[in-house]
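In: just need the structure, nothing else, for what follows:
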Amino acid sequence: MINFQLDNLKNQDSGNFFLMAGPCAIEGEEIALRIAEKIVSITDKLNIPYIFKGSYRKANRSKGDSFTGIGDEKALKILEKVSKTFGVPTVTDIHESSEAAMAAAYVDVLQIPAFLCRQTDLLIAAAQTGKVVNVKKGQFLSAGSMKFAVEKIVEAGNNKVILTDRGNTFGYQDLIVDYRGLPEMQSFGVPVVMDCTHSLQQPNQSSGVTGGKPQLIETIAKAAIAVGADGLFIETHPDPANAKSDGANMLHLTLLEDLLVKLIRIRQAVI
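Out: A predicted model of the protein is given here:
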């Protein structure tokens, strides 16, 4: 791990947005390092602050036989190796209070999944590690309701909070983004991120495998930057069709640089 501080991501008015990006799940060391190396080379060139993302375990799969991980310690050690190899902070999800301290020993940012954003014990456990805590807004919550998640973490003694929007439930099998929520959550005094990939999921498919609309990732990202998002969250993979988790809504890794160049132009036009 590196000495990562949330202040590195704040006050980006004269610079770029920051980026959380990587595979949905840690599938193995070689592919994690390959993805990280590519993204680091892009973000270094474009001067974009970067956090490598990878879930060490996927706990909220629809089907019982879906891929959930390669083993907790093995995956966490890969995240640690990514950080040490490339000098970048890392972020991973936790799902239960007992996981907070374990994951915090390996990563710089603990992420609370959207379905769990109201779990008080989980938020407090994450806060008490002293790590930056990224809370994804529940698909079922208004942006305004996320102030209570921030309050729980701050009252537990940790003011290092990020909020991430990932769309709102729209019917049974779709999501929609309400961009009014980004400035509303920024009013709580925390950086706000737009999750450009999960917001395009199509959940609850009869197959038991979540679908998605990756062709609209650029649309979601452009709008978020135009509205003033502090950061973007993008899951990316060199072969989404064969990714072990959430391949249906991931960005192909070869498309990332061109997208980021376009987004920088938009940010420069609006700041």
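In: CA only for contacts and neighbour counts going forward, please
Out: OK.
In: show me which positions of the lengthiest helix in the chain end up buried.
Out: With DSSP state H setting the assignment, residue counts place helix 29-46 as the longest helix in the chain. Neighbour-count burial for helix 29-46 flags Ala32, Leu33, Ile35, Ala36, Lys38, Ile39, Val40, Ile42, Thr43 (criterion: 16 or more other CA atoms under 10 Å).
In: report all helices and strands that it contacts.
Out: strand 18-22, strand 50-53, helix 72-86 (3 or more CA pairs under 8 Å, 6 or more residues apart in numbering; DSSP states H and E).
In: for Ile225, find the nearest of these.
Out: Among those, strand 18-22 comes nearest to Ile225, with 10.7 Å by CA to CA.
In: who does the residue nearest to the spatial centre of the chain bridge with?
Out: Compute the mean C-alpha point of the chain, and by CA atoms, centre = their mean the closest residue is Phe233, 4.5 Å away. Beta-bridge partners of Phe233, counted by DSSP bridges, are Met20, Asp195.
In: likewise for Phe52?
Out: As assigned using DSSP bridges, the partners bridged with Phe52 are Ala21, Thr90.
In: quick one: residues contacting it.
Out: Met20, Ala21, Gly22, Ala36, Val82, Ser83, Val88, Pro89, Thr90, Val91 (CA atoms under 8 Å, 6 or more residues apart in numbering).
In: format the helices and strands packed on helix 29-46 as a markdown table; extra columns: mean pLDDT.
Out: Converted to a markdown table, those look like this (pLDDT from 0 to 100):
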| stretch | mean pLDDT |
| --- | --- |
| strand 18-22 | 98 |
| strand 50-53 | 98 |
| helix 72-86 | 97 |
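In: so for Gly181, which of these sits nearest?
Out: So among the helices and strands packed on helix 29-46, strand 18-22 is nearest, using CA to CA, at 18.5 Å.
In: mind giving me the packing neighbours of the closest one?
Out: Going by 3+ CA pairs under 8 Å, 6+ apart, strand 18-22 lies up against helix 29-46, strand 50-53, strand 231-237.
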